[in-house]
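> Below are the sequence and a predicted model; questions follow.
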Amino acid sequence: MNTQVLAIFGSPRRGGNTDTLMEELLSGISRDGGVDITRIYVSDYNIKPCTGCAFCETSGECNIEDDMKKIYPLLDKSQIIVVSSPVYFYGISAQCKLLVDRCHVFWARKYKLNLPWSEDDEMVRQGFFITAAGTDNPNLFYGGELTIRYLFDCIDILYQGAITVRNVQEKGEVKKNLHALKDAYNKGVELMNYF
Ligand SMILES: Cc1cc2nc3c(=O)[nH]c(=O)nc-3n(C[C@H](O)[C@H](O)[C@H](O)COP(=O)(O)O)c2cc1C
């Protein structure tokens with residue numbers, strides 16, 4: 001069976017720097033074939049914010065009716081999950097954070113209810129993060145990386161690292177950074193070594 005890959009594009013700027021890096025990484029993942037890639041552009045989805053209602057903490061289900069109902073099963077069935085997001089105010093984009101917060105239901109299943117978060121508890125999942133920022137300020141990537149690491153940790157996805165690119169403000173500027181593009185491609189190839 002082909003390796004199932006979920007690419008979560010967290011930037012609302014289509015064709016921007018993190019989208020470009022993601023596509024390079026996906027090219028690396030696809031180098032030898034044998035993969036099915038599902039791309040989701042988070043800003044195309046209707047994702048409401050978590051309200052902290054705690055319904056999931058007793059039921060193990062989220063009671064908000066929106067497009068997360070389409071995304072939960074994709075997280076469940078994927079063996080490689082890559083999240084990309086621009087740095088927005090030292091964190092991830094709001095669109096991406098909506099999705100992350102709605103994974104509280106998985107946290108509730110695991111830590112409150114002692115239930116498996118997934119239908120396939122045995123599946124080993126690898127996770128990767130891609131992010132880019134317009135400046136070269138210190139500590140640019142701490143916030144975003146912590147958020148994504150904690151998301152992966154919560155749903156037992158093994159964190160395999162991140163690509164972090166500085167000094168790319170304008171749309172597509174990262175295309176001039178050949179080192180970053182090559183790095184993304186190589187990381188994609190490496191991720192397939194786990195399968
Ligand atoms: C709302 C907003 C907040 C941003 N915050 C930061 C920031 O805190 N630090 C930084 O260096 N760049 C910041 N940027 C710049 C983006 O991170 C940068 O342009 C990035 O390359 C965008 O990636 P994208 O093309 O994938 O959307 C911000 C941009 C926007 C629109």
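Cool, got the structure. Numbering: from 1, shown residues only.

> Centre-most residue in this structure?
The residue lying closest to the centre of the chain (Cα atoms, centre = their mean) is residue 83, at 2.0 Å.

> Name the SS class of that residue, please.
Secondary structure, DSSP: H, G, I helix; E, B strand; the rest coil: residue 83 is strand.

> And the pLDDT at the closest residue to the ligand within the chain?
Distances between the chain and the ligand by Cβ to the nearest ligand atom are smallest at residue 16, namely 2.3 Å. Heads up, the C-betas are built off the backbone N, CA and C, glycines and all. Reported pLDDT at residue 16 in the predicted model: 98.

> can you tell me which residues contact the residue of the chain most remote from its centre?
Distance from the C-alpha centroid of the chain, by Cα atoms, centre = their mean, peaks at residue 58 (26.5 Å). Residue 58 is in contact with residue 113, counting by Cβ atoms under 8 Å, 6 or more residues apart in numbering.

> hmm, try it at 7 Å
Contacts of residue 58 were listed using Cβ atoms under 7 Å, 6 or more residues apart in numbering, and none were found.

> which element is it on?
helix 55-59 (DSSP states H and E).

> Remind me what the first helix or strand past that helix going along the chain packs against, helices and strands.
Sequence order places helix 68-77 as the next helix or strand after helix 55-59, per DSSP H and E. Judged by 3 or more Cβ pairs under 7 Å, 6 or more residues apart in numbering; DSSP states H and E, the packing partners of helix 68-77 are strand 3-9, strand 35-41.
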